[in-house]
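Chemist: Pasting the sequence and the predicted model now:
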Amino acid sequence: MQRRFGAWIRYGDPLLPGQVEFAIQHYATAILQPWEHEAAAALKRARPDMTVLVYKCLSSTRSYEPGPYFTSGWSYPEAIAVGEHLFAHRADGFSRIEWKNYPRHWQMAVWEPEYRERWIMNVVDELRGSVWDGVMADNDVYDDYYALEFPLAGGKELEDVRGALDTLVVDAGRALNGIGKILVPNIAESRREPGRWQRHAAHGGGYEEVWLAWEPDQHLDTADVLAQMDCLQGPGICIVRIATDGTDDHPNVLYGLAAFWVFGAGRNGTSFTATGHDQYSGTPTIGALDWDLGDPLTGIEQHDHIRHREFTFGWAATHIGPVNGPSVTVDVPAGFVDEAGHPAPAVITLAPRRGVLLRRA
């Protein structure tokens, strides 16, 4: 069976004709909306090897969703009915917190045991016996991305949110594993806390939404790049997404895909995607995303700021040096061709934050 390494992050606009069929041909993993059962079932029928996850938010409820399926563990009407104490409030003790730039997303009191217990109960009940392989749990936050403006009511600080999410991820992961499902959190900024990735990915895997770059032209520095590479080694599956301008020919695509191969070595369960900010409605791909470079023949080799690696069916190189640093020239092993089938040159020069993949002739 052909191995695939593309990730389909698809929780934006409604599905378009032909997208499911395209995904069947090109992707290894998929994340869909909770109401897209038919699409999930079609993926699993055609590709039992594909990991198909349902989107759930750990930290918010959304007041615009009609149901009966919701992107959060709590529906907005359910939270209203149970009580105001389930919503986070600003320091005045009265004002609910609507996320900045995300209208009608309401921050929840994740530190409340009742919130966490019902979140788990609702999600487990929804997934038990379902077609889904598990949950992609979004907003496993590390910093204040949505202008919560700490301290909150009751003196709650960012550390209280982090600690509560630590507990929720572990408890939800165990509960989902108990019904044969996995939990794959969107683990924010794991590079800033040693052990965070391994701890939060322990129940099925992890998703790194900000891999190598915050924005198309805003890259992580070299030390942070190297710190992120541990995620490719597990535990469980690993999904990584690099930021682009939304086009498939943006240089970050090859930069990220080359790094994916050099550092991840094509480990089964790893998958890669490249999208614009919050652009989760398309089917991004390039020809090289379909390549299986095979097994590594070498370790990670270094030439200045270039890291490169040879495989049974290919060769990959990526320049992870300072953004404003010099280009670097590296020798290319003999016997490789580019995407068009043309023989590769004997040497290749890469600018910072550029990458290249070649296939064996």
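Modeler: Perfect, thanks for sending it.

Chemist: Contacts only, for the residue nearest the centre of the chain.
Modeler: The central residue of the chain, meaning the one whose C-alpha is nearest the mean C-alpha position (Cα atoms, centre = their mean), is Y207 at 3.2 Å. Taking Cβ atoms under 8 Å, 6 or more residues apart in numbering as the contact definition, Y207 lies against 31, 136, 184-187, 238-241. Where C-beta positions appear, they are placed from N, C-alpha and C, glycine not excepted.

Chemist: now H277
Modeler: Taking Cβ under 8 Å, 6+ apart as the definition of contact, the neighbours of H277 are 215, 243.

Chemist: hey, which helix is longest across the protein?
Modeler: Using DSSP state H to assign secondary structure, the helix with the most residues in the chain is helix 158-177.

Chemist: For that helix, buried residues please.
Modeler: Buried residues in helix 158-177, defined by neighbour count with 16 or more other Cβ atoms under 10 Å: 160-162, 164-165, 168-169, 171-173, 175-176.

Chemist: Quick one: residues in contact with it.
Modeler: With Cβ under 8 Å, 6+ apart as the test, helix 158-177 has contacts from 58-59, 110-111, 116, 119-120, 123-124, 127, 134-135, 137, 140-144, 148, 150, 182-183, 185, 199-200, 202-204.

Chemist: 6 Å - rerun?
Modeler: By Cβ atoms under 6 Å, 6 or more residues apart in numbering, the surrounding residues in contact with helix 158-177 are 110-111, 116, 120, 124, 140, 144, 150, 183, 185, 200, 203.

Chemist: again with stretch 326-345
Modeler: For stretch 326-345, the surrounding residues in contact (Cβ under 6 Å, 6+ apart) are 287, 303-306, 310, 315, 317, 319, 347-351, 358-361.

Chemist: Narrow these to those that are buried.
Modeler: Burial by neighbour count, 16+ other Cβ under 10 Å: within the contacts of stretch 326-345 this picks out 305-306, 310, 315, 317, 319, 348, 350, 358-360.

Chemist: what about the helices in this protein?
Modeler: Counting by DSSP H, the chain forms helices over residues 19-26, 37-46, 76-82, 113-127, 158-177, 196-200, 222-228, 251-264, given from the N-terminal end onward.

Chemist: Dump those into a markdown table; add mean pLDDT and distance to S327 as well.
Modeler: Rendered in a markdown table, the data for the helices of the chain read as follows (pLDDT from 0 to 100; distance: least, Cβ to Cβ, whole Å):
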| stretch | mean pLDDT | distance to S327 |
| --- | --- | --- |
| helix 19-26 | 98 | 32 |
| helix 37-46 | 98 | 41 |
| helix 76-82 | 98 | 52 |
| helix 113-127 | 98 | 48 |
| helix 158-177 | 98 | 40 |
| helix 196-200 | 97 | 32 |
| helix 222-228 | 97 | 15 |
| helix 251-264 | 98 | 13 |
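
Chemist: Out of these, which one sits most buried?
Modeler: Among those, the stretch with the highest mean neighbour count (mean count of other Cβ atoms under 10 Å) is helix 251-264, at a mean of 24.

Chemist: That one: how far from the chain's middle?
Modeler: If you compare the mean C-alpha spot of helix 251-264 with that of the full chain, they lie 15 Å apart, counting by Cα atoms, centre = their mean, to the nearest Å.

Chemist: now for that helix, which elements pack on it?
Modeler: Contact here means 3 or more Cβ pairs under 6 Å, 6 or more residues apart in numbering; DSSP states H and E; on that basis helix 251-264 packs against strand 270-275, strand 314-319, strand 355-360.

Chemist: what's the distance between T285 and T329?
Modeler: Between T285 and T329 the distance is 29 Å, computed by Cβ to Cβ, to the nearest Å.

Chemist: go on, L53?
Modeler: L53 sits 41 Å away from T329, taking Cβ to Cβ as the criterion.
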